[in-house]
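Chemist: Build me a model from this:
(2 chains)
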Amino acid sequence: MRVVAAAVCTLVLAGSAAAAGDPQHGKQLFQTGCASCHGLDARGIRGRGPDLHGAGAAAADFYLRTGRMPLDSPRSEPQRSEPAYPSDQIDDLVAYIGSLGGPAVPTVDPAQGSVSDGQRLFAANCAQCHQIVGRGGAMPGASIPTLLHATPTQIAEAVRIGPYVMPRFGPDQISDGDLASIARYVEYAKHPRDEGGWGMFDIGPVPEGMATWFVGALALVLLIRVLGKRAGE
Amino acid sequence: MIRWLVAAILLLFGRGKPEPPPTPGLPPRPTHPRAELLALALLALVPGAVVVFAVVYFTSANTQLLGLTLGGAFAFAAAAAALAANRILPQDTHVEERPELDHPVEQAEVEELVAEAGEGVTRKRLLVLAAGGAGSALAGALVLPALSCGPDATKILSESPWRRGRRLVDEHGEPIAAHAIELGGTITGFAEGADKERMASSVVVVHVRPDELDLPPERTGWAPEGFAAYSKICTHAGCAVSEFRYPLYDPTSPKPALVCPCHYSTFDVSTGGHRIFGPAGRALPQLPLEIDGEGHLVAAGDFSGRVGPSWWGVRKS
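Modeler: Below is the predicted model of the structure:
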């Protein structure tokens, strides 16, 4: 009974969230702010911006709430920044793009996932680019964003839509349950437990090695010099 | 226990007792009461630090504090020892004369004997040459069995488990359904029934639009419905080529490619794995694919080239 009540609540909440956006107002905002690249009818302009029919609310929510759209220039790489629109206007824009068809904003509950499963899945599918605790990096042609600021919903959206040059993973490859585990692991990895000592910003073995060489080795050399001077006296 | 107590009491209250009278004939030893007190204080700090260590161990188990307290205990003990050695113990330098190790007379006799020994030999050079040859032959005989140490790496690394009809399986050994990989998706596959650790076993499968593909004419049909498979082992240094970039909107983004995270060798998946960036010397070998009646990905033959890193000039193509 409780489960049913919870499900109804979720449905109502999801419905109210979707209903919060006004697609008509969203269309007006779109035609002022987005149409220069995506076209007045959101059919896209070749070489500037893609057709958004079928992109879905998931893509619109991801790109707008992470501040990746609108872009300064069509050829620049979308990067995370402060959202250009206030939250209620993003609701309207998402409602408008959602009305053109495509996947809805995915629901993901990290509490339903497992950290260890999430780590295994993340290591197999995400860590090669995003690094094992999600601090990001670079590859030829693109920078790879850190996941420190990504919300569970944004992680689910990115996995499903594959923004910019990221590959896309469907539910037959990464199930919704797996996605919850991945989201939970990413939440954990924002502040991983550093039992061994200082994590050095969790950016990997290179800075740790540099600290060994430039701090530890330098201290040893200085110590040896001091000892050598003493012995010479 | 009682003995310990007595010892402690003696240590505490025994100070200040009159020193025994100095041995006649020796100069009186200087005493160092302040240094002794300091060393005692340092030694007393050692159990103190150990107690704090134990408290931390049973309460918070913070590794940094544990290291600090235990390291501190060792540091106090070391300081006390250094102080005792430098300031409390008597400092005198004694030099002991060593006997001469050379035996010049005997040495000269031996040298003379050796010089005489060669005079009776007529074919000296030939004998030396023959002895050298015999020695080299023996050394060669000893080294020869080293060839059986370890397998022939080049042969093993060239073996490929891929045959026409062999299915691709995922990391759990399940066959890979083509429809599970969305457009712009990727998955790591292995040869069914083969050891995953084998270099030629692992492939990376990518799903691109069929019209994006521009494969060489002899590879027509190698990527059915846009599913293309390449060796997962980089041709540069043998890392796993695990990064796949696929643009959501290609006119304004970099083109689809597989990237090796070690040195950023980048391979074009549309044209058959040609290197477009990075240190790799040759293309990533492609595995021809088919989709079987159940919709699973199946190999249609062996790789287009040799799998694995290029070294010693063995793998130039």
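Chemist: What residues sit buried inside stretch A:193-212?
Modeler: residue A:202 (16 or more other C-beta atoms under 10 Å in any protein chain shown). All C-beta spots, glycine's among them, are computed from the backbone N, C-alpha and C.
Chemist: Tell me how many other residues surround the closest residue to residue B:160 other than its chain neighbours.
Modeler: Excluding the flanking residues, the one nearest residue B:160 by C-beta to C-beta, 6 or more residues apart in numbering or on different chains is residue B:200, at 4.0 Å. Other residues within reach of residue B:200 by the criterion other C-beta atoms under 10 Å in any protein chain shown amount to 24.
Chemist: ok, residue B:200 touching residue B:162?
Modeler: Yes - Residue B:200 is within contact range of residue B:162, at 6.8 Å (criterion: C-beta atoms under 8 Å).
Chemist: returning to what we had before: now the residue nearest to residue B:160: how far from residue B:261?
Modeler: From residue B:200 over to residue B:261 the distance is 20 Å, taken as C-beta to C-beta, to the nearest Å.
Chemist: circling back: now do the SS call for the residue nearest to residue B:160.
Modeler: coil (DSSP: H, G, I helix; E, B strand; the rest coil).
Chemist: can you list the residues of the stretch 51-200 of chain B near chain A?
Modeler: B:63-64, B:171, B:177, B:179-188 (C-beta under 8 Å from any C-beta of the partner chain).
Chemist: buried subset of those residues?
Modeler: Buried by 16+ other C-beta under 10 Å: B:180, B:181, B:182, B:183, B:184, B:185, B:186, B:187, B:188, out of those.
Chemist: what stretches of chain A score poorly on pLDDT?
Modeler: A:1-19, A:196, A:232-233 (pLDDT under 70).
Chemist: could you redo the last one with a cut-off of 90?
Modeler: Along chain A, the parts satisfying pLDDT under 90 run over A:1-21, A:47, A:72, A:74-75, A:192-212, A:228-233.
Chemist: Tell me where it has strands.
Modeler: With strands called from DSSP state E, chain A shows them at A:137-139, A:142-144.
Chemist: Quickly compare these and say which is most buried.
Modeler: strand A:142-144 (a mean of 17; mean count of other C-beta atoms under 10 Å in any protein chain shown).
Chemist: follow-up on the earlier one: reformat the residues of the stretch 51-200 of chain B next to chain A as CSV; add secondary structure and pLDDT.
Modeler: Shown next, in CSV, are these (DSSP: H, G, I helix; E, B strand; the rest coil; pLDDT from 0 to 100):
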residue, secondary structure, pLDDT
B:63, helix, 84
B:64, helix, 85
B:171, coil, 90
B:177, strand, 95
B:179, helix, 93
B:180, helix, 94
B:181, coil, 95
B:182, coil, 94
B:183, coil, 94
B:184, coil, 94
B:185, coil, 95
B:186, strand, 96
B:187, strand, 95
B:188, strand, 95
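Chemist: can you tell me which residues contact residue A:66?
Modeler: A:80, A:81, A:83, A:150, A:154 (C-beta atoms under 8 Å, 6 or more residues apart in numbering or on different chains).
Chemist: Show me which of the residues you listed is closest to residue A:56.
Modeler: residue A:154 (14.4 Å; C-beta to C-beta).
Chemist: Test my guess that that closest one contacts residue A:63.
Modeler: No - counting by C-beta under 8 Å, residue A:154 sits too far from residue A:63 to count as a contact (10.1 Å).
Chemist: Just the buried ones from the contacts of residue A:66, in ChimeraX syntax?
Modeler: The ChimeraX command for the buried members of these (criterion: 16+ other C-beta under 10 Å) is given here:
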select /A:80,83,150,154
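Chemist: Nearest to residue A:142 among the contacts of residue A:66?
Modeler: In terms of C-beta to C-beta, no member of the contacts of residue A:66 lies closer to residue A:142 than residue A:80, at 13.1 Å.
Chemist: Now that closest one: closest residue in space, sequence neighbours ignored.
Modeler: Per C-beta to C-beta, 6+ apart, closest to residue A:80 is residue A:66, 5.0 Å.
Chemist: what do you get for residue B:84?
Modeler: Nearest to residue B:84 is residue B:39, by C-beta to C-beta, 6+ apart, at 5.3 Å.
Chemist: All the strands of chain B, in order from the start?
Modeler: Going by DSSP E, chain B shows strands at B:168-169, B:186-191, B:203-207, B:227-231, B:243-245, B:257-259, B:266-268, B:274-277, B:286-287, B:289-291, B:297-299.
Chemist: by contact count, what packs against the fourth one?
Modeler: I take that to be strand B:227-231. strand B:203-207, strand B:286-287, strand B:289-291, strand B:297-299 (3 or more C-beta pairs under 8 Å, 6 or more residues apart in numbering or on different chains; DSSP states H and E).
Chemist: could you pull out the helices for chain A?
Modeler: Secondary structure of chain A (DSSP state H): helices at A:2-20, A:23-33, A:35-38, A:56-65, A:87-98, A:115-125, A:127-130, A:152-161, A:176-190, A:205-211, A:218-232.
Chemist: which residue is nearest the centroid of the chain?
Modeler: Using chain A. residue A:150 (4.3 Å; C-alpha atoms, centre = their mean).
Chemist: looking at chain B here, not the other one
Modeler: Taking C-alpha atoms, centre = their mean, the centroid of chain B lies closest to residue B:239, which sits 15.2 Å from it.
Chemist: For the nearest residue to that residue once chain neighbours are set aside, the count of nearby residues, please.
Modeler: The spatial neighbour of residue B:239 that comes closest, neighbours along the chain excluded (C-beta to C-beta, 6+ apart), is residue B:262 at 3.8 Å. Using other C-beta under 10 Å, residue B:262 has 16 neighbouring residues.
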